[in-house]
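In: Okay, predicted coordinates and the sequence, questions at the end:
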Amino acid sequence: MGSTRKNKPKIIVILGPTASGKSDLAVKLSLRLGGEVVSADSRQVYGGMDIGSGKITQEEMKGVPHHLLDVANPKRKFTVVRYKKLSEEKVKKILKKGKIPVVCGGTAFYIEALIDGITIPEVPPDWKMRKRLEKETTENLYAKLKKLDPERAKNIDKKNRRRLVRAIEIVEKSKEPVPNIKKDSPYQPLFLGIKIDRERLDNKIEKRLKKRLNQGMIEEVKGLRESGVSWKRLEEFGLEYKWVAQYLQNKIDYNDMYENIIKDTRRLSKNQMQWWKKDRRINWIETCKEAEKLTQNFLNSP
RNA sequence: GCCGCGGUAGCUCAGUGGUAGAGCGCUUCUCUGAAAAAGAAGAGGUCGUCAGUUCAAUUCUGACUCGCGGCA
């Protein structure tokens, strides 16, 4: 394993909680070392969702190419598998040009799919089947899975309906048990995690929300609705889109919208950290200098 | 000053004559085509204070105290 590792292409990953300043760092590093940014953000893949998802602007890119932004239509569902496929293609192209891919984003699952090369069963979602299964009680779903695939039933979260439905879907469509998850990274990654204390992050979250509201975030959501994105769909995107959609439907007042966005964003940042805190590969950095130093050492090493 | 309503978990509030619950927050955790998604577990309360009735009071009674509203 150690010997093949050297042949793997180098890739840089910038991660961190929402509002921690990942995009800026990605641009800075890319300029310094000739990199191109591959976004890893489950909402920024959608066109038209700019302000609410905090998409980097043309100006902020400072000429650094950015990928995996605006590659999907918000009316349709985009999934990890699609992300994995598209991002792998982009990374390959960037490497071919002799540039360094800089993966940057807050969607841990997407990063894992790309960097760790996890295999996801080749069974596309069957929404009709899911709708049917949704009607069953959680206990029934679990019993059903236990019968179909006792192995998977052993370690699945028994009360998580969404997971149960997916597992049943895999078994029923593929006629085979859910395969064990496999991880096989095709890359040699350097993980840079942005370290920021709770209080400072909370301040940034609130400041950022105010900025987005000033930039016309509410108008953006209104525009999406007018272009045919349903309220239900908007609410699925969560956070800004969910609460602004409720506000626009007069379900909640402005203040509740504001507070709920703050609340959910804080919760999100905690959940993101939960995902990463056990990953020993991540270098937690506080300054740009540290990042540059680590990057340089990484690129100079064999 | 009088009348009314209220004081229960960090917050908003349920509730019961046999020492208590929910939602949110908080802590910890999971993660196999929705992942900013979907879930799990846990820690928090001498039920405003004092006294009375009672085998037993957070629950009934009284006084006090604090908050809110109304009348003076």
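Out: It's in.
In: Can you pull the residues of the stretch 51-200 of chain A lying near RNA strand B?
Out: For the stretch 51-200 of chain A, the residues in contact with RNA strand B (C-beta under 7 Å from any atom of the strand) are A:53-54, A:77-82, A:106-110, A:118, A:120-125, A:130, A:134, A:152, A:155-157, A:159-163, A:165-167, A:170, A:178-181. For every residue, glycine as well, the C-beta is placed using N, CA and C.
In: the strands in chain A, which residues?
Out: Remark: strands assigned in chain A by DSSP state E are A:10-15, A:35-39, A:66-67, A:100-104, A:188-194, A:282-285.
In: Compute the inter-axis angle for the fourth one and strand A:188-194.
Out: In terms of direction (axes from the mean of the first three to the mean of the last three C-alpha atoms, to 10 degrees), strand A:100-104 departs from strand A:188-194 by 40 degrees.
In: Restrict strand A:100-104 to CA atoms and write it as PDB.
Out: Extracted C-alpha coordinates of strand A:100-104, given in PDB (Å, rounded to 0.1, in the frame of the first residue of the first chain):
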ATOM      1  CA  ILE A 100      -3.400  21.100  -8.600                       C
ATOM      2  CA  PRO A 101      -7.000  20.300  -7.800                       C
ATOM      3  CA  VAL A 102      -8.200  22.200  -4.700                       C
ATOM      4  CA  VAL A 103     -11.400  20.700  -3.400                       C
ATOM      5  CA  CYS A 104     -13.200  23.100  -1.300                       C
END
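In: returning to that earlier point: check the residues of the stretch 51-200 of chain A next to RNA strand B for burial and list the buried ones.
Out: By neighbour count, with 16 or more other C-beta atoms under 10 Å, those hold A:53-54, A:78, A:80, A:106-108, A:110, A:118, A:121, A:152, A:156, A:161, A:165-167, A:170, A:178 as buried.
In: Now mean neighbour count too, for the strands of chain A, in a markdown table please.
Out: Shown next, in a markdown table, are the strands of chain A (neighbours: other C-beta atoms under 10 Å):
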| stretch | mean neighbour count |
| --- | --- |
| strand A:10-15 | 23 |
| strand A:35-39 | 26 |
| strand A:66-67 | 20 |
| strand A:100-104 | 26 |
| strand A:188-194 | 21 |
| strand A:282-285 | 16 |
